[in-house]
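Visitor: no FASTA, just this:
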């Protein structure tokens, strides 16, 4: 199959447990929590999304004919030798497109593969690092992985129930909107009340990175 990619770029991972690590980000086009029609954005389940996943017109984006073509583009973007190769598959919702051929091609090229998903679709078993960011109002079917990253505040989120899910790390990330300062206070308060959770900041924004 071919792959629709909004953008691809080399940066530092800015969020979560892997923060600070050199990474190629592959942002797939499309998301299953939004219809794709601009007039429906206000009623989408994930109204606070801070990324543009529509189309294939971003830096490094486009239609890749097959898994090898996309993997080759990731290798070229990495341009840092063969050691410690790290790729982050994100979106939109990457699991709409991630499949066996792509995972095999990236592994063959020596990449450690991470994914950032909303958890409404089961994650491919070949992924090396699974980060799930659940969205209130949707059904999270992927309830295991390496890190659970909950954007906060999110009315309707059952934090207590999430603590029974099988994740190594539980992260709270303040919502970046007009009430960012209040959201940071709310996130810190939750961590103080529920010590299983850890505060996660979007350090790439603080550093001016993509």
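Guide: On my side now, so go ahead. Computed from a prediction, not measured in an experiment: that's the story for all the values here.
Visitor: and the residue nearest to the spatial centre of the chain, what is it in contact with?
Guide: By C-alpha atoms, centre = their mean, the chain has its centre lying nearest to residue 116, at 2.5 Å. Taking C-beta atoms under 8 Å, 6 or more residues apart in numbering, we find residue 116 in contact with 88-91, 94, 131, 133, 149. No exception for glycine: its C-beta is placed from N, CA and C like everyone else's.
Visitor: repeat that for residue 111.
Guide: 74, 78, 85-87.
Visitor: dump the residues you listed to JSON lines, plus pLDDT and secondary structure.
Guide: Shown next, in JSON lines, are the contacts of residue 111 (pLDDT from 0 to 100; DSSP: H, G, I helix; E, B strand; the rest coil):
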{"residue": "74", "pLDDT": "98", "secondary structure": "helix"}
{"residue": "78", "pLDDT": "98", "secondary structure": "helix"}
{"residue": "85", "pLDDT": "98", "secondary structure": "coil"}
{"residue": "86", "pLDDT": "98", "secondary structure": "strand"}
{"residue": "87", "pLDDT": "98", "secondary structure": "strand"}
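Visitor: any idea which of these is the one closest to residue 184?
Guide: residue 86 (27.9 Å; C-beta to C-beta).
Visitor: same for the biggest helix by length in the chain, what does it pack against?
Guide: Ranked by residue count, the top helix of the chain under DSSP state H comes out as helix 180-193. The contact analysis (3 or more C-beta pairs under 8 Å, 6 or more residues apart in numbering; DSSP states H and E) places helix 180-193 against strand 144-152, strand 166-174, strand 197-199.
Visitor: who are the packing partners of the helix or strand that the last one is followed by?
Guide: Note on strand 197-199: by DSSP states H and E, the next helix or strand toward the C-terminus is helix 203-207. Helices and strands in packing contact with helix 203-207 are listed as strand 3-12; criterion 3+ C-beta pairs under 8 Å, 6+ apart.
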